[in-house]
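Quick one, fold the following:
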Amino acid sequence: MHQLRAKNFLAVLLGVLIIGIAGSARADDVEDSVKEGLEYYKDGDYSSAAGSLEYAAQLIRQKKGGQLEVFLPKPLPGWTAENASSQAMGAAMFGGGVTAERKFKKDNSRITVQIVTDSPMMQGMMMLFTNPAFAAADGGKLEKIKGQKAIVKYTPTTKKGDIKIMVVNRFLVSIEGNDISKEDLKNYAKAIDYKKLSALP
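Numbers count the residues shown, from 1 in each chain. Next comes the predicted model:
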């Protein structure tokens with residue numbers, strides 16, 4: 001049992017090392033945390049080792065969030081935007097995930113664009129894209145936007161709506177707005193470079 005647990009731990013350690021080298025998220029901090037974790041592991045302090053490795057993984061997720069921010073659209077003519085922000089959560093919080101977000105406004109109109117990845121909640125969204133009946137039951141309509149499958153919801157009476165787009169089954173793009181037109185929503189959905197996003201490691 002001890003040997004099996006040790007092998008599993010080494011597998012996790014190796015995975016973090018590979019990701020850390022590839023992602024180079026504040027490389028010194030990542031490498032230091034991984035080395036620290038390895039030392040704890042050699043000393044038999046598995047709890048401290050796991051904590052150091054999780055800290056390294058969190059730094060890498062933060063770096064990935066910064067990469068996603070680049071793909072958030074610029075404000076369209078007549079709109080202003082807040083600074084882009086990103087958040088990385090470990091598996092202990094809602095299953096984990098990386099989110100980048102930017103808010104836009106024009107007079108009373110508000111739109112928020114999010115890009116999410118590495119979240120287990122995306123599995124439920126994928127069902128909506130593979131089964132049109134699920135999307136329709138939730139009030140959505142399947143459409144194509146820049147070659148991507150999109151679920152579009154819009155209520156003219158309240159001027160509220162949202163668009164969900166799943167990109168290569170790895171990224172969930174969400175555009176939500178209040179006091180907006182359906183065209184506003186679609187224009188922000190079209191402002192994202194899905195080809196480059198798809199190529200993100």
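
Name the helix or strand of this protein that has the lowest mean pLDDT.
helix 2-23 (a mean of 45; mean pLDDT, DSSP states H and E).

For this protein, which segments are assigned as strands?
Assigned by DSSP state E, the strands in the chain fall at 80-81, 85-89, 97-106, 109-117, 141-145, 148-155, 160-167, 171-178.

and those strands as a markdown table, adding mean neighbour count, distance to residue 134 and mean pLDDT?
C-betas here are computed from N, CA, C, even on glycine. Converted to a markdown table, the strands of the chain look like this (neighbours: other CB atoms under 10 Å; distance: least, CB to CB, whole Å; pLDDT from 0 to 100):
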| stretch | mean neighbour count | distance to residue 134 | mean pLDDT |
| --- | --- | --- | --- |
| strand 80-81 | 12 | 32 | 98 |
| strand 85-89 | 18 | 26 | 77 |
| strand 97-106 | 20 | 21 | 92 |
| strand 109-117 | 20 | 19 | 95 |
| strand 141-145 | 13 | 10 | 93 |
| strand 148-155 | 19 | 9 | 94 |
| strand 160-167 | 20 | 12 | 96 |
| strand 171-178 | 21 | 15 | 96 |
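
Would you enumerate the residues in contact with the residue nearest to residue 186 when sequence neighbours are not counted?
Distances taken as CB to CB, 6 or more residues apart in numbering place residue 145 nearest to residue 186, at 6.5 Å, with adjacent residues excluded. Contacts for residue 145 (CB atoms under 8 Å, 6 or more residues apart in numbering) come out as 163, 165, 186, 189, 190.
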